[in-house]
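Asks: Fold the following.
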Amino acid sequence: MKQYFIYNEHLGIEIPDLQEEWKEIPTAVQHAILLKWEQIRGKIPDRIQELEHIINTKQHKLNNEENFELSCKLNTEIADLASIINDLWLWYRLTQNVSEGKAHQ
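Replies: As a prediction, the model looks like this:
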(Lines give C-alpha, C1' and ligand atoms only; values in the text may rest on other atoms or scores of the structure.)
Protein backbone atom coordinates (compact mmCIF):
# COMPACT_ATOMS: atom_id res chain seq x y z
CA MET A 1 0.00 0.00 0.00
CA LYS A 2 2.96 2.31 0.59
CA GLN A 3 3.32 2.88 -3.15
CA TYR A 4 -0.18 4.38 -3.35
CA PHE A 5 0.13 6.80 -0.43
CA ILE A 6 2.65 9.39 0.63
CA TYR A 7 3.02 10.98 4.05
CA ASN A 8 2.35 14.70 3.89
CA GLU A 9 4.26 16.25 6.75
CA HIS A 10 2.42 19.57 6.40
CA LEU A 11 -0.97 17.90 6.91
CA GLY A 12 0.23 15.21 9.28
CA ILE A 13 -1.49 12.41 7.34
CA GLU A 14 -0.89 10.11 4.40
CA ILE A 15 -2.53 11.19 1.18
CA PRO A 16 -3.19 9.28 -2.05
CA ASP A 17 -0.34 9.34 -4.54
CA LEU A 18 -1.53 7.33 -7.51
CA GLN A 19 1.18 7.04 -10.14
CA GLU A 20 -0.96 5.13 -12.62
CA GLU A 21 -4.47 5.33 -13.99
CA TRP A 22 -7.09 3.93 -11.64
CA LYS A 23 -8.39 1.51 -14.27
CA GLU A 24 -4.87 0.04 -14.62
CA ILE A 25 -4.77 -0.93 -10.94
CA PRO A 26 -6.10 -4.45 -10.23
CA THR A 27 -9.56 -4.49 -8.64
CA ALA A 28 -8.36 -6.15 -5.43
CA VAL A 29 -5.71 -3.46 -5.03
CA GLN A 30 -8.30 -0.74 -5.76
CA HIS A 31 -10.41 -2.08 -2.89
CA ALA A 32 -7.38 -2.13 -0.59
CA ILE A 33 -6.53 1.46 -1.56
CA LEU A 34 -10.08 2.60 -0.85
CA LEU A 35 -10.10 0.78 2.49
CA LYS A 36 -6.80 2.38 3.50
CA TRP A 37 -8.08 5.80 2.43
CA GLU A 38 -11.23 5.38 4.52
CA GLN A 39 -9.04 4.49 7.52
CA ILE A 40 -6.92 7.60 6.99
CA ARG A 41 -9.97 9.73 6.26
CA GLY A 42 -11.57 8.58 9.51
CA LYS A 43 -8.64 10.07 11.45
CA ILE A 44 -8.86 13.50 9.82
CA PRO A 45 -11.46 14.93 12.25
CA ASP A 46 -9.19 13.99 15.17
CA ARG A 47 -6.25 15.70 13.47
CA ILE A 48 -8.38 18.80 12.91
CA GLN A 49 -9.39 18.79 16.57
CA GLU A 50 -5.71 18.65 17.60
CA LEU A 51 -4.93 21.63 15.40
CA GLU A 52 -7.93 23.56 16.70
CA HIS A 53 -6.68 23.03 20.24
CA ILE A 54 -3.27 24.43 19.24
CA ILE A 55 -4.98 27.41 17.58
CA ASN A 56 -7.03 28.08 20.71
CA THR A 57 -3.88 28.03 22.84
CA LYS A 58 -2.08 30.39 20.47
CA GLN A 59 -5.15 32.63 20.26
CA HIS A 60 -5.21 32.90 24.04
CA LYS A 61 -1.52 33.87 24.03
CA LEU A 62 -2.18 36.37 21.23
CA ASN A 63 -5.02 37.99 23.17
CA ASN A 64 -2.65 38.60 26.08
CA GLU A 65 0.50 39.48 24.10
CA GLU A 66 1.77 43.04 24.18
CA ASN A 67 4.91 42.54 22.10
CA PHE A 68 4.01 43.46 18.50
CA GLU A 69 6.59 41.17 16.86
CA LEU A 70 5.49 38.21 18.94
CA SER A 71 1.85 39.03 18.16
CA CYS A 72 2.65 38.97 14.45
CA LYS A 73 4.44 35.63 14.84
CA LEU A 74 1.50 34.11 16.73
CA ASN A 75 -0.95 35.46 14.16
CA THR A 76 1.06 33.91 11.33
CA GLU A 77 1.20 30.55 13.13
CA ILE A 78 -2.57 30.65 13.68
CA ALA A 79 -3.15 31.43 10.00
CA ASP A 80 -0.87 28.57 8.96
CA LEU A 81 -2.73 26.13 11.22
CA ALA A 82 -6.08 27.36 9.90
CA SER A 83 -4.82 26.75 6.36
CA ILE A 84 -3.86 23.18 7.29
CA ILE A 85 -7.34 22.64 8.74
CA ASN A 86 -8.88 23.91 5.50
CA ASP A 87 -6.71 21.53 3.46
CA LEU A 88 -7.61 18.63 5.77
CA TRP A 89 -11.33 19.33 5.27
CA LEU A 90 -10.77 19.24 1.52
CA TRP A 91 -9.08 15.85 1.81
CA TYR A 92 -11.80 14.65 4.17
CA ARG A 93 -14.43 15.45 1.55
CA LEU A 94 -12.41 13.55 -1.03
CA THR A 95 -14.04 10.13 -1.15
CA GLN A 96 -15.07 8.96 -4.59
CA ASN A 97 -12.42 11.13 -6.24
CA VAL A 98 -9.68 8.71 -5.19
CA SER A 99 -11.11 6.21 -7.63
CA GLU A 100 -11.37 8.74 -10.47
CA GLY A 101 -7.64 8.87 -11.09
CA LYS A 102 -4.81 10.86 -9.62
CA ALA A 103 -5.86 12.86 -6.59
CA HIS A 104 -4.67 16.43 -6.29
CA GLN A 105 -1.76 17.24 -4.03
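Asks: so what's the nearest residue to residue 8 once chain neighbours are set aside bridging to?
Replies: The spatial neighbour of residue 8 that comes closest, neighbours along the chain excluded (C-beta to C-beta, 6 or more residues apart in numbering), is residue 15 at 5.0 Å. All C-beta spots, glycine's among them, are computed from the backbone N, C-alpha and C. Here residue 15 shows beta-bridge partners residue 6, assigned using DSSP bridges.
Asks: Correct me if wrong: residue 15 contacts residue 5.
Replies: Yes - at 6.7 Å, residue 15 counts as touching residue 5 under the criterion of C-beta atoms under 8 Å.
Asks: Now do the shared contacts for those two.
Replies: Residues touching both residue 15 and residue 5 (C-beta atoms under 8 Å, 6 or more residues apart in numbering): residue 40.
Asks: Looking at this protein, which residue reaches furthest from the middle?
Replies: Going by C-alpha atoms, centre = their mean, the residue of the chain most distant from its centre is residue 66, 32.7 Å out.
Asks: Low-confidence ranges, the chain, go.
Replies: Residues of the chain that meet the criterion pLDDT under 70 lie in 1, 95-105.
Asks: any idea which helix is longest in it?
Replies: When the chain is scanned for its longest helix (criterion: DSSP state H), the result is helix 27-63.
Asks: Great, nothing more from me.
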